[in-house]
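In: this one's structure only:
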């Protein structure tokens, strides 16, 4: 006898409640993106491993679900979407008017330590503007990420968008005499600053003849550090979204390919968890697809945001309203007389044809048990089909009212109640 | 210089048009399933390989994208959903009222020869009723699959649902003296009948001392072959769906786990392509999860159905209406005076807050070029923000009418036009 199979560690089963929570977040992503004039695309879940080796930084490459397929190809389950987007946009760039405003909702895979807010599989919303050099595009992405948070029910008490400028850091490093080829290493040190002991941080910087106080002073300069940052602040302030924004030069982002503004959204509750992040990556399309195209984008995973929605009081109400609306039915048809089963089934079909969510008891059962099923499925109405057919009873289960009508009148009667 | 990466063979890039076609089919699946009172779930894309070895039949196992993960587990990208569903339902069967009416939309992977209507990756709609022994459940699934086809715009001129009974075949075989352990092999021969030369078919049957004319006679018996088939015919006729139905005992389905009614939907146009298929599998939950639960279900892939939708004239209109509605925006905000850019951006934000799909030119450009962008994005309206701000012009781009109003009145004006 089989003991029963287990879900792989770090992977999730989405039972109906979890699936509805997932879909609730997906719908917010999709609706806000469309409101911003973005169109949806999707790429393959499996890609040549080389696509990720080329960029992304070493950490992601060590976490790949990679293998050799039956045709001898070295393939990987995708850990992120940006290289795929760069490949797709480069391949057909002439077919689309610039700027491209594209979003995607899909699943990604990273073999990492399983912990709260992190799985080996997760969904991610990706949102990118391609072919637009203006900083207005960076501001547009910052605004959409803020509006997603607002749509999920969060306010300025709940989160901040922290924006920084990778280019300002590069300029700073060059001014301090850091060589071009050393800049990635220098930025990694800055990226890890908050997680590094002060003495180790000082030691790491010493290689570059830079002191911690040089760094601190630069961080203090805030939006004075670059015109890009000033433009973003002015743009978001004009939108009325200034309260969500914070210039924070400590942000540099881990990925290797960023070239300008970078930003992250943080929960400012107990967790200080990163909810979303992105930035400008003007060189990547050239690297991956041989096409010169400016680009910026950001991604938001489903796990942290779904935890935040669950933990927050206000959005939970939204979430539950969404779930019960999604799982409950409009009408349960009750077979009061088994000789009328086929008539009942005909009524079921007519209700569904009129777009009412309808169910019925497939196994003969007592009326009481059928009413119980109606209640369990959250039915708003019951229709009782019995010996009086084609007369049927229509019962409003919440208000406990009942009317009699012919099966032909039923649809009109229900529609009048909507 | 990189030559540019390629999509893996058998995998698809979904550019915005293809993604919208995909979403159109997804929405039909989801809406019809909800109309039938089904709730959505989803399982992991990666599962232990053993889950598929246990059942499914040998063909699928040879097509697995399987590999050893970094933790030494033998894992596979899922080729189908039923074993996952059986695992999930068995694990938490006490938490749900029977019958479970569950559907899922997800991606699957099979390493097979790349050809039209078949990829190495595809989406599939899965729809199952668990914990219901009554044949009414089989009829319910047949009805939902027919209604999906109808919702996609197909009529009785376009497709048929062919229903058969695996149990009737088993009974027939036993009566002919075929031993219990030989029945899977016997059914495989029947399954391949249409693709086998008559002399080879006769030879294969000879092992069982059965003649082709025995088989032919049984096939001719149609719905007389079983009460199950008679019940399904009566049920679908009561629903008014009889015209879509055909009893066809030639159908036995390839998968090993079917135990009762089985059905397939066929396009009756030039291709005679199979669009969907399923049946009853009352033993699988015991095999996979150690739980005794009746079950039946069917699946519909996205590739054949999307081809049929594209080839068909009537549904194409639906599809295109869906695509243009999904990709076009409501309002394009035109910056007539660069000094007013921040005011324009503020107007953009207010429009989006009121749920209008809105875009604008992020790079300063001449008015004519901005109007061109508005047109390319399918904008219904343009709002012109210039020196007269807070007075703005609202232009209906289809009707070529223009009114002037204050930015504060704009939302109300646009809403009144909806």
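Out: Yep, it's here. It should be emphasised that the depicted structure is a prediction, and the values quoted were computed from it without experimental measurement.
In: Helix, strand, or coil at residue A:9?
Out: coil (DSSP: H, G, I helix; E, B strand; the rest coil).
In: so it makes contact with residue A:114?
Out: Yes - counting by Cβ atoms under 8 Å, residue A:9 does reach residue A:114; the two are 5.6 Å apart. Using the backbone N, CA and C atoms, a C-beta is placed for each residue, glycine as well.
In: got any residues that touch both of these two?
Out: residue A:120 (Cβ atoms under 8 Å, 6 or more residues apart in numbering or on different chains).
In: anything in the biggest helix by length in chain A near chain B?
Out: Counting by DSSP state H, the longest helix found in chain A is helix A:16-35. Yes - using Cβ under 8 Å from any Cβ of the partner chain, helix A:16-35 reaches chain B at A:16, A:19, A:20, A:22, A:23, A:34, A:35.
In: Neighbours of the last one, how many?
Out: As a burial measure, the neighbour count of residue A:35 was computed by other Cβ atoms under 10 Å in any protein chain shown and equals 22.
In: Check the fourth one too.
Out: Counted with other Cβ under 10 Å, residues neighbouring residue A:22 total 17.
In: got the contact list for it?
Out: Taking Cβ under 8 Å, 6+ apart as the test, what residue A:22 contacts is A:14, A:123, A:302, A:306, B:42.
In: burial count for the second one?
Out: What that stands for is residue A:123. So residue A:123, with other Cβ under 10 Å, has 20 neighbours.
In: same check, this time on the last one
Out: Using other Cβ under 10 Å, residue B:42 is surrounded by 23 other residues.
In: Check the gap between it and residue B:81 for me.
Out: 9 Å (Cβ to Cβ, to the nearest Å).
In: which residues are common contacts for those two?
Out: Counting by Cβ under 8 Å, 6+ apart, the shared contacts of residue B:42 and residue B:81 are B:104, B:106.
In: Chain B contacts on the stretch 151-300 of chain A?
Out: A:234, A:235, A:237, A:238, A:239, A:240, A:241, A:287, A:288, A:289, A:290.
In: helix or strand right after the host helix or strand of the first one?
Out: Element membership for residue A:234, per DSSP states H and E: helix A:227-238. Using DSSP H and E, the next helix or strand after helix A:227-238 towards the C-terminus is strand A:245-247.
In: Let me see the mean pLDDT of that next one.
Out: Mean pLDDT, computed over strand A:245-247, is 97.
In: now stretch A:111-118
Out: Stretch A:111-118 comes out at a mean pLDDT of 77.
In: For that stretch, report the contacting residues that lie outside it.
Out: By Cβ under 8 Å, 6+ apart, stretch A:111-118 touches A:9-10, A:63-65, A:120, A:273, A:303-304, A:307, B:69-71.
In: Pipe those residues into TSV and attach distance to residue A:148 per row.
Out: Converted to TSV, the contacts of stretch A:111-118 look like this (distance: Cβ to Cβ, whole Å):
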residue	distance to residue A:148
A:9	30
A:10	25
A:63	26
A:64	28
A:65	28
A:120	25
A:273	15
A:303	15
A:304	13
A:307	15
B:69	33
B:70	33
B:71	34
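In: okay, who's weakest in these by pLDDT?
Out: Minimum pLDDT across the contacts of stretch A:111-118 is recorded for residue A:273, with 85.
In: residues near it, how many?
Out: Neighbour number of residue A:273 under other Cβ under 10 Å is 18.
In: Quick one: residues contacting it.
Out: Counted by Cβ under 8 Å, 6+ apart, residue A:273 has contacts A:117, A:266, A:267, A:304, A:307, A:308.
In: among these, which ones are buried?
Out: Buried by 16 or more other Cβ atoms under 10 Å in any protein chain shown: A:117, A:266, A:267, A:304, A:307, A:308, out of those.
In: Out of those residues, which comes closest to residue A:144?
Out: For the buried ones among the contacts of residue A:273, the closest approach to residue A:144 (Cβ to Cβ) belongs to residue A:266, at 16.7 Å.
In: one step back: mind listing which of the contacts of stretch A:111-118 are in helices?
Out: Per DSSP H, the contacts of stretch A:111-118 map to helices at A:303, A:304, A:307.
In: Switch these over to CSV; also include distance to chain B.
Out: Formatted as CSV, those follow (distance: Cβ to the nearest Cβ, whole Å):
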residue, distance to chain B
A:303, 14
A:304, 19
A:307, 18
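In: what's the closest of those residues to residue B:406?
Out: residue A:304 (41.3 Å).
In: Now do the contacts for the closest one.
Out: Applying Cβ under 8 Å, 6+ apart, we find residue A:304 in contact with A:117, A:267, A:273, A:274, A:275.
In: Distance of the closest residue to the second one other than its chain neighbours relative to chain B?
Out: This means residue A:267. Nearest residue to residue A:267, sequence neighbours excluded (Cβ to Cβ, 6 or more residues apart in numbering or on different chains): residue A:273, at 4.8 Å. Between residue A:273 and chain B the distance is 24 Å, computed by Cβ to the nearest Cβ, to the nearest Å.
In: Give me the next element, helix or strand, following the helix or strand bottoming out on mean pLDDT in chain A.
Out: Lowest mean confidence among the helices and strands of chain A (mean pLDDT, DSSP states H and E): helix A:313-327, at a mean of 70. As assigned by DSSP H and E, the chain's next helix or strand after helix A:313-327 is strand A:331-335.
In: quick check: mean pLDDT across that next one?
Out: 96.
In: Stretch A:176-193 now?
Out: Across stretch A:176-193, pLDDT averages out at 91.
In: One more: stretch A:207-216?
Out: Stretch A:207-216 carries an average pLDDT of 92.
In: do the same with stretch A:128-148
Out: 96.
In: is any part of it close to chain B?
Out: Yes - Stretch A:128-148 reaches chain B (Cβ under 8 Å from any Cβ) through A:129, A:132, A:133, A:134, A:136, A:137, A:139, A:140, A:143, A:147.
In: Is the last one in contact with residue B:355, as I believe?
Out: Meaning residue A:147. No - the criterion here is Cβ under 8 Å, and residue A:147 misses it with residue B:355 at 10.9 Å.
In: which of these two has more neighbours?
Out: The neighbour comparison of residue A:147 against residue B:355 (other Cβ under 10 Å) goes to residue A:147, with 22 against 15.
In: Before we go further, the more buried one is sitting in a helix, right?
Out: Yes - per three-state DSSP, residue A:147 lies within a helix segment.
In: how about the helices in the stretch 51-200 of chain A?
Out: A:58-62, A:82-91, A:135-151, A:166-175, A:183-191, A:198-206 (DSSP state H, counting those that start in this stretch).
In: Where does pLDDT dip in the stretch 251-400 of chain A?
Out: A:270, A:315-319, A:321-323 (pLDDT under 70).
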